[in-house]
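Below is the sequence, then the predicted model.
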Amino acid sequence: MYPAQFDYRRAGSVDEALGLLQEHEDAKLMAGGHSLIPMMKLRLAQPPVVIDIGRLDELKGISEAGGSVRVGSLTTHAEIAASDVLAAHCPVLAEAAGHIGDAQVRNRGTIGGNIAHADPGSDIPPVLVLLGASVHLQSPSGTRSGAAGDFFQDLLMTDVGEDEILTHVDAPALGAGTGAAYLKFEHPASGYAVVGAAASVTVHHGRCTAAGLVVGGVDATPTAVDVSSLIGTDLSDDAIAAAASGLSAEDPIGDIFASGDYRVHVGKVYGKRALAAARDRA
Amino acid sequence: MTVSIQLEVNGKPVQAEVEPRRLLVHFLREDLGLTGANIGCETSLCGACTVLVDGNAVKSCTMLAAQADGSAVTTIEGLAQNGELHPLQEGFWEKHGLQCGYCTPGMILSANYLLAQNPSPSDEEIREGLKGNICRCTGYHNIVEAVKYAAERMS
């Protein structure tokens, strides 16, 4: 399968890439290409120009400062999964990245490409929404950032503007007493998440002081579940099951493998398990 | 338009003009005659097209030849040295790690990457490492044995 013909430009800097985006209408940015190339092979995407940003070192890398971790948009899933910085400060992000596809896919796919593509079966979006991460964008007119919860707008639709490049993601480091987990019910053929549940809980003196649960794969964008009923409890299995059962979606996505109702059901089960795993790590 | 690329394939310098849409697997197979990387599913799932790019296992059906510009690519043809099979090739032979053989080049290159990261993997780690490679003869048991054989030989 060949993509349709296109012109190829390789950017040597973010500024050059922004200039090329201005210059070429309907151009697409390509990082690792693991979302875009499959779309182009199926002719679901036929950009006239592809701007290869895969070599922009300024967009690569993982760092921690002042209680926040920063992941450059061109950082691969393999690098995120193996990161010592994330293992120490935000292991749930590394855990989710390690669940993506397989070793070959993780070697090429990037966090920026992943979230800019915004597949509902992707593992990263629910984790970023759970963490309250911010997504940073750059355009010729400057930089801006927005909450991950607002970034994912609809199926394959995000907040990235036509003239913008996603530069990095910032996420708060997990504090003392906080545990988090990402659990995935994986499609056996594609490796995408049918349902993926990201959960975190904070425990002080045996009582829950904060809790969060975000489920991917159920709706077009990550679905946050109100688990505030857990606050003040000792996070018993019963309390967790009751909180996770609050997952709902008005119009859940469904396909030949998993109906909408089934996804909601599995989301509750995985939400419960993710909360319990988070509790055990807190 | 065409893109001018220079890369190293199995240790030899290669220079070519390619269409931007030329996929790495087609470049290797059709332009260079290296037909070891097989085209299976064409959707980044089966792993038959796996090659090493700068030491990392990648699916060459989901990479543009233009993206490999400046890289060092290793295909199955580049593993044997001086007529001696690579320990992984020997392992697949000794342990009957293949039936039809279609997945084998990709399996061996993924296993090569795995062993570079983890020289003595457990059975479970081998299965996880080869998750991106599908064998439709379903000969996974012997494939795991073949990788273990190679791991021992290489240690």
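Now that the structure is in, tell me what you want to look at.

okay, the longest strand seen in chain A in PDB with CA atoms only?
For chain A, the strand with the greatest residue count under DSSP state E is strand A:193-204. Extracted C-alpha coordinates of strand A:193-204, given in PDB (Å, rounded to 0.1, in the frame of the first residue of the first chain):
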ATOM      1  CA  ALA A 193      -6.900  -0.100  24.000                       C
ATOM      2  CA  VAL A 194     -10.500  -1.300  23.800                       C
ATOM      3  CA  VAL A 195     -10.700   0.300  27.200                       C
ATOM      4  CA  GLY A 196      -7.900   1.900  29.200                       C
ATOM      5  CA  ALA A 197      -8.300   3.100  32.800                       C
ATOM      6  CA  ALA A 198      -6.000   5.600  34.500                       C
ATOM      7  CA  ALA A 199      -6.500   6.100  38.200                       C
ATOM      8  CA  SER A 200      -4.800   7.800  41.100                       C
ATOM      9  CA  VAL A 201      -5.400   8.100  44.800                       C
ATOM     10  CA  THR A 202      -3.700  10.000  47.600                       C
ATOM     11  CA  VAL A 203      -3.700   8.500  51.100                       C
ATOM     12  CA  HIS A 204      -2.800  10.200  54.400                       C
END
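
Next, B:His86: phi, psi?
The phi and psi values for B:His86, taken as degrees, to the nearest 10, are phi -70, psi 150.

List, one by one, the residues from chain B near chain A.
B:1, B:3, B:19-21, B:23, B:26, B:42-45, B:47, B:50, B:56-59, B:62-64, B:66-67, B:110, B:113-114, B:129, B:131-133 (Cβ under 8 Å from any Cβ of the partner chain). C-beta coordinates here come from the backbone N, C-alpha and C atoms, glycine included.

For ChimeraX, what selects the buried ones among these?
A single ChimeraX command selects the buried members of those (16 or more other Cβ atoms under 10 Å in any protein chain shown):
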select /B:3,19,20,21,23,26,42,44,45,47,50,56,57,58,59,62,63,64,66,67,110,113,114,129,131,132,133
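
Of the residues of chain B next to chain A, which belong to strands?
Per DSSP E, these map to strands at B:Val3, B:Thr50, B:Asn56, B:Ala57, B:Val58, B:Lys59.

Just give the number of residues close to the one residue in the stretch 1-150 of chain A that gets nearest to chain B.
The nearest approach of the stretch 1-150 of chain A to chain B comes at A:Asp102, 2.7 Å away (Cβ to the nearest Cβ). As a burial measure, A:Asp102 scores 22 neighbours (other Cβ atoms under 10 Å in any protein chain shown).

picking that back up, which among the ones in strands among the residues of chain B next to chain A gets closest to A:Glu250?
B:Lys59 (37.0 Å; Cβ to Cβ).

Helices along chain A, start to end?
Under the criterion DSSP state H, helices of chain A are mapped to A:14-23, A:36-41, A:77-81, A:84-89, A:91-98, A:103-108, A:111-117, A:124-131, A:148-151, A:237-244, A:260-281.
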